[in-house]
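In: model the following, please.
(one chain, ligands or ions: 1)
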Amino acid sequence: MDLGEQTLIFDTFNTPQAALSLRSAAEQLTGRKVTYVINSHHHSDHIWGNQVFEDATIFATDSTFDLMRTKGVARLERMRSQPMPLEKLEEALEQEQDPVQRKDLELYVDEMRQVNMALPNLTLRLPDVTFERRLAFAGSKRTAVLLTFGGAHSPSDAFLYFPEEALAFMSDIVQIGFHPSMGDGNPDEWLRILAKVEALQLSTIVPGHGVIGTGEAVGIMGQYIQLLQQMAYAAPSLDELLAIDAPAFCASWQASPVFKENLHFLYNRIHNL
Ligand SMILES: [Zn+2]
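Out: Numbering: from 1, shown residues only. Sure, this is the predicted structure:
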């Protein structure tokens, strides 16, 4: 985002290759180097491109910084010593008949191929500055407010709010046309946080995954979480729960396997498993 005299990047993708494309697009658009980089949360698909922004200052919440230097570093080491076996994924792709799942798998295989290529030279550059609740970036063109209401999709999720434009980069707190993974977060907190975001009355949302949308996406995310919680409470057994297909409103969303993973997570959470 062009703040006037500074350029701000929100999240850096899963690989340095993808981040390099983002960096050159930003440089072309603004005619200057990237000034600030935000890491919304500690998941690798939002931070593994950090290393290409050598000249920028990187920001994250205190908790995200801690998670990056502990879990994040451990995950990178694990992936480096045991890269994803692509042959197995390619075999699964060949056998997949369902068009929605096939598309998902294709994207996933492609992404994992890029990750495996990047791993030997990937270093996790950690944030330079951390914050607890709120940080404002005042530019001559626009002001950006970096906020966190706590952990929703992960233990700590930050988002970037542009009050004058009623616009926000919502990170994985709001995803559009994309099943949001719930297993590393807290669904009750997520609903509480979505209610607070709703009060901002956003017109435009840039989601963590999916396409740009309107403020309605906040409510849809809440409905999704509530509906899955209800399904998990109502199910007589895990097998019966996992046999249920995704409801019509989200049947065509991307990341389709995440629907059942979410149900499984919620069932275990309810039954303390
Ligand atoms: Zn995430």
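
In: what does the stretch 101-250 of the chain have sitting close to the ion?
Out: Contact residues, the stretch 101-250 of the chain versus the ion (CB under 5 Å from the ion): D172. (Each C-beta comes from the backbone N, C-alpha and C, glycine too.)

In: okay, strands next: where are they in the stretch 101-250 of the chain?
Out: 129-131, 134-138, 143-148, 158-162, 167-171, 204-207, 213-214 (DSSP state E, counting those that start in this stretch).

In: can you name the residues in contact with the third one?
Out: Put plainly, it is strand 143-148. For strand 143-148, the external contacting residues (CB atoms under 8 Å, 6 or more residues apart in numbering) are 1, 3, 8, 38, 59, 61, 131-137, 156-164.

In: out of the residues you listed, which are buried?
Out: Buried members of the contacts of strand 143-148, counted by 16 or more other CB atoms under 10 Å: 1, 3, 8, 38, 59, 61, 131, 135, 137, 156-162.

In: now do the helices in the stretch 101-250 of the chain.
Out: Here the stretch 101-250 of the chain has its helices, by DSSP state H, counting those that start in this stretch, at 187-198, 216-234, 238-242.

In: mean neighbour count for the ones you listed - can I get that in JSON lines?
Out: Putting the helices of the stretch 101-250 of the chain into JSON lines (neighbours: other CB atoms under 10 Å) gives the following:
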{"stretch": "helix 187-198", "mean neighbour count": "17"}
{"stretch": "helix 216-234", "mean neighbour count": "17"}
{"stretch": "helix 238-242", "mean neighbour count": "13"}
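
In: turn those into JSON lines, columns for mean pLDDT and distance to F65.
Out: JSON lines is the format used below for these (pLDDT from 0 to 100; distance: least, CB to CB, whole Å):
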{"stretch": "helix 187-198", "mean pLDDT": "98", "distance to F65": "20"}
{"stretch": "helix 216-234", "mean pLDDT": "98", "distance to F65": "26"}
{"stretch": "helix 238-242", "mean pLDDT": "97", "distance to F65": "36"}
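
In: helix/strand/coil for V258?
Out: helix (DSSP: H, G, I helix; E, B strand; the rest coil).

In: show me what contacts it?
Out: The neighbours of V258, taking CB under 8 Å, 6+ apart as the test, are 179-181.

In: kindly report the same for K196.
Out: By CB under 8 Å, 6+ apart, the contact set of K196 is F149.

In: and the gap between it and Y267?
Out: Note on K196: its distance to Y267, by CB to CB, to the nearest Å, is 27 Å.

In: what do you get for E94?
Out: Counting by CB to CB, the gap from E94 to Y267 is 31 Å.

In: coming back round to it: now, which of the contacts of V258 sits nearest M68?
Out: Taking CB to CB as the measure, M68 sits nearest to S181 out of the contacts of V258, at 18.0 Å.

In: the closest one - nearest residue in space that isn't next to it in sequence?
Out: Among residues not flanking S181 along the chain, V258 sits closest, at 5.2 Å (CB to CB, 6 or more residues apart in numbering).
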